[in-house]
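In: How does the following fold in three dimensions:
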Amino acid sequence: MITHSLKAFILSYKNVGEHDRRYFLLSREFGKIEAISRSVLKPKSKLVGHLEPPNFSWVEVIESAKGFQITQALEELSFPGIRSSHPALKNVLKNAGFISEFLPFPFFKHHQARVLAPAEVFQFWAGYLKTMETSFALKTELDLDLFEAELVLLVLKKLGFLPDFFRCFGCEKQLNNEIAVFFDGRSFCPECSKKKNIPGEKISPKAFADFSRILEQDWLLVSENKDLIKKIAFYFQKQAYAYML
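Out: Numbering: from 1, shown residues only. Here you go, the predicted model:
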């Protein structure tokens with residue numbers, strides 16, 4: 001057996017039996033791991049409060065042939081700003097579950113997506129939580145659905161699920177400085193969309209600029225293109241879920 005001392009985000013958990021829980025953690029060293037915590041739900045247990053999603057906690061785990069087991073934990077960040085808003089906390093937990101679903105390592109054997117370096121996954125989840133926590137702590141107005149869409153786009157991009165919609169599907173021309181048409185998961189330049197009579201959503205140069213910022217992890221608190229960002233993000237998320245099934 002090997003003992004590891006980790007700093008990890010608590011993504012989600014599942015109750016196992018009467019007193020145990022299986023936690024899904026996100027660490028810089030390992031990426032996503034599953035770890036059982038024995039007797040964590042017993043009345044005298046002191047661990048459960050330190051392992052509440054979306055906490056960032058120090059965790060000691062033992063690695064064996066049967067997997068990981070949590071032996072100790074200490075909360076370091078509890079994100080009080082996020083917890084002060086029920087809609088925000090609900091949104092964060094939903095997105096933590098989304099990340100947890102899309103990062104089961106056996107899945108990569110059946111998909112050409114590259115396996116992310118653990119630190120890369122850790123970094124964009126940390127950035128997401130930090131930006132949201134700061135916004136709520138400062139009482140800055142935040143569109144939760146827009147922020148969720150940004151996270152979805154980033155995760156899908158990192159995992160290889162997001163096609164290059166910055167390029168025309170018809171002629172492969174780069175689309176940055178003209179109004180393109182988005183239809184059925186593909187982008188078309190004005191010439192190709194007109195030639196083939198393709199309907200769809202218009203993507204302006206400003207919208208392309210917003211998408212570029214998002215994919216570079218420059219989180220947008222507001223955007224005049226928020227409806228389009230949400231529509232495209234959740235379209236590709238739905239496609240990715242369908243692929244997984």
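
In: contacts, neighbours, all on C-alpha from now
Out: Fine.

In: taking the mean pLDDT, what do you get for stretch 159-178?
Out: Mean pLDDT, computed over stretch 159-178, is 90.

In: got it, and stretch 237-245?
Out: Mean predicted confidence for stretch 237-245 is 82.

In: Spell out which residues make up each domain of this structure.
Out: 2-77, 80-244 (automatic domain parsing).

In: Take those and write them to JSON lines, including mean neighbour count.
Out: As requested, the domains of the chain are exported to JSON lines (neighbours: other CA atoms under 10 Å):
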{"stretch": "domain 2-77", "mean neighbour count": "18"}
{"stretch": "domain 80-244", "mean neighbour count": "16"}
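
In: looking at those, which has the lowest confidence?
Out: The lowest average pLDDT among these, as it happens, falls on domain 80-244, at a mean of 87.

In: Start and end of it, how far apart?
Out: 34 Å (CA to CA, to the nearest Å).

In: longest strand of this protein?
Out: strand 2-16 (DSSP state E).

In: residue ranges of the helices in this protein, please?
Out: With DSSP state H, the ranges of helices along the chain come out as 80-83, 86-102, 118-137, 144-159, 190-195, 205-215, 226-244.

In: coming back round to it: just give the strands next to the longest strand of the chain in its sheet, each with its orientation.
Out: Each strand paired with strand 2-16, and its direction, by DSSP bridges: strand 20-27 (antiparallel), strand 56-64 (antiparallel).

In: Which of those sits closest to residue 131?
Out: Evaluated with CA to CA, the strands paired with strand 2-16 place strand 56-64 nearest to residue 131, the distance being 14.7 Å.

In: Name the residues that touch the closest one?
Out: Contacts with strand 56-64, where a contact means CA atoms under 8 Å, 6 or more residues apart in numbering, come from 1-10, 35, 50-51, 68-78.

In: try it again with 6 Å
Out: Residues outside strand 56-64 that contact it (CA atoms under 6 Å, 6 or more residues apart in numbering): 1-9, 68-77.

In: any idea how far the residue lying farthest from the centre of the chain is from residue 204?
Out: Within the chain, the residue lying farthest from the chain centre (CA atoms, centre = their mean) is residue 195, at 37.6 Å. Separation of residue 195 from residue 204 (CA to CA) stands at 19 Å.

In: Same check on residue 63?
Out: 51 Å.

In: what does residue 78 give?
Out: 39 Å.

In: do the same with residue 62
Out: 52 Å.

In: Over to residue 26?
Out: 36 Å.

In: With residue 192 instead?
Out: For residue 192, the distance to residue 204 - CA to CA - is 16 Å.
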